[in-house]
Each structure stands twice: as structure tokens, then as C-alpha cells.
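Q: Give the three-dimensional model of this entry:
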Amino acid sequence: MGSEGPSGVTVHVTGFKKFHGVAENPTEKIVRNLESFMEKRGLPKGLTLGSCTVLETAGQGGLGPLYEVFESAIVDKEYGLNDQGQVILPIYCLIRKYEALLYSSFILKLHFGVNSGTTRFALENQAINEATFRCPDELGWKPQRAPIVSSDGSISNLRKTTVPVNEVNKSLQQMGFDVAPSDDAGRFVCNYVYYQSLRFAEQRGIKSLFVHFPLFTTISEEVQMNFVASLLEVLASQNYAQ
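A: Residues are numbered from 1 along each chain as shown. Presented below is the predicted three-dimensional model:
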């Protein structure tokens, strides 16, 4: 998957399956179709599509698959794999790390979720350390005012993305999309996953961004797929050397 040769940014994308009140999650279809869609359209210069994964709409019980997605990206970054999928020996790891610096290569975790009540796309600036689910997740968990990560302290603790959201938002608006930055990713699974992702990103020196999508009945599937393609184009053009 992805383009050949060195690239500016490698993007790993996740979406969600159905959940209570949303029988068809648009992000599941978007993520499942993204690779073939981008193969036809052509990946932006400087971007590699690393993986596309659809997650269960679950918080605590869904952490295993979520962290598998995180760790697989880090294996590619820190060690690299040979043609047989085997981890490359340490001496080659140093070479891979040098090449990553030489070509300004960065990893971005890009998460998609649905907000059934919105009429436009939202780029989420931050996540909060609070899980207060309005309904049980798909594994039956319904926390109330619980910290997502207890060691982070208060449920009011915030984690912010290092992706330049305002710049990305401005570029997408200029392309004609109805999109806005947001400081509230809710308290449900989207916020839960984003908080975990931002924490992991900070620990591992990568980047994370969450995007909320409307339903297909509000904005058509065609427009949403074109939005994602344009989002990837804008993300590929950003300077991540910060």
C-alpha cells in the first residue's frame, strides 16, 4: 500500500463500525474504500498511505486492536521490515532512522469518526481525559466521569494535536469544503480513542489528528471521499519539522 520511495509523511487511517443510533457509520465505508479510491485518484506527492483500519466502536475493550495499529506503525518507523515481513537488524535500523531524518519523514495517525448531528466536517484540536458515554459502547461499557488514563490525573486534563489545524482548515475551506476547527470531540468513543492516540503520539514522537464526519444523508459519500483526498493532499504539504 502507498507510493514507492521516500515520502514526507506516512499516514495511518482509522474509522469506526456501527454503534447505538448509527446503523451505518460513514467512516467505515470511507476507510474500507480509501486505498482503492486513492489508487485511482493518485496519492499526493510526499505522502504514503500506510494502513487503513476499521475499529469497533468501543473504548476500554477496544484498546487491544487500537494499540496494534499504533505499534505496527512504530515498528515500520523504528525498525523497518524486509520483503518477508521480518524485522530488520539493528545496524539497518540506524540507516533507516538516518534516511527518515534526511527525507523529513513523519508518521501521522489520522482518525475518522461520525457526528450524526453535524452538517459539516470538523478538525479536532484536542481530546479530554474524560469518558462519559451517553450510551454503552459496542462492548457494553458505559463509563461516567471516568478518567481515560488515571495516571494523567484529572478528567479535565487536555491533550492537543501538534498538527497545524487552523492552517489545514483554511486550505480545505479554500478548496470549497464546509469544515471548521473544533475544541470538543465529545466524551464518547471518538474522544476516548483520540486521547489515547495523542498520548501515544507524544510518547513516540509522531502526530495524531481526529476528524469528525457527518452522515452520508447530510453530505454525500462522493463529496466525503473527495474531502478525504483533499485532506491528505493538504496534510502532505505541511511542514512537520517542528
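Q: Any stretches of this structure with poor pLDDT?
A: Scanning the chain for pLDDT under 70 picks out the ranges 1-7, 75-105, 239-242.
Q: who touches the residue nearest the centre of it in this structure?
A: Central residue of the chain (Cα atoms, centre = their mean): Leu110, 1.8 Å from the mean position. Contacts for Leu110 (Cβ atoms under 8 Å, 6 or more residues apart in numbering) come out as Val11, His12, Val13, Thr14, Ser208, Leu209, Val211, Leu231, Leu235. In short, each C-beta sits where N, CA and C put it, glycine included.
Q: again, but for Phe200
A: Contact analysis of Phe200 by Cβ under 8 Å, 6+ apart lists Tyr67, Phe70, Lys109, Ile206, Ser208.
Q: what does Ala201 give?
A: Ala201 touches Lys109, Thr162, Lys207, Ser208, counting by Cβ under 8 Å, 6+ apart.
Q: Narrow the residues you listed to just the buried residues.
A: For the contacts of Ala201, a burial check counting by 16 or more other Cβ atoms under 10 Å picks out Lys109, Lys207, Ser208.
Q: Helix, strand, or coil at the first one?
A: Under the three-state scheme (DSSP: H, G, I helix; E, B strand; the rest coil), Lys109 adopts strand.
Q: Once you drop chain neighbours, what's closest to it?
A: Spatial nearest neighbour of Lys109, excluding adjacent residues (Cβ to Cβ, 6 or more residues apart in numbering): Ser208 at 4.4 Å.
Q: Of the buried ones among the contacts of Ala201, just say which sits nearest to Met38.
A: For the buried ones among the contacts of Ala201, the minimum distance to Met38 (Cβ to Cβ) is 17.3 Å, reached by Lys109.
Q: what sits against that closest one?
A: Contacts for Lys109 (Cβ under 8 Å, 6+ apart) come out as His12, Thr14, Val69, Phe70, Ala73, Ser197, Phe200, Ala201, Ile206, Lys207, Ser208, Leu209.
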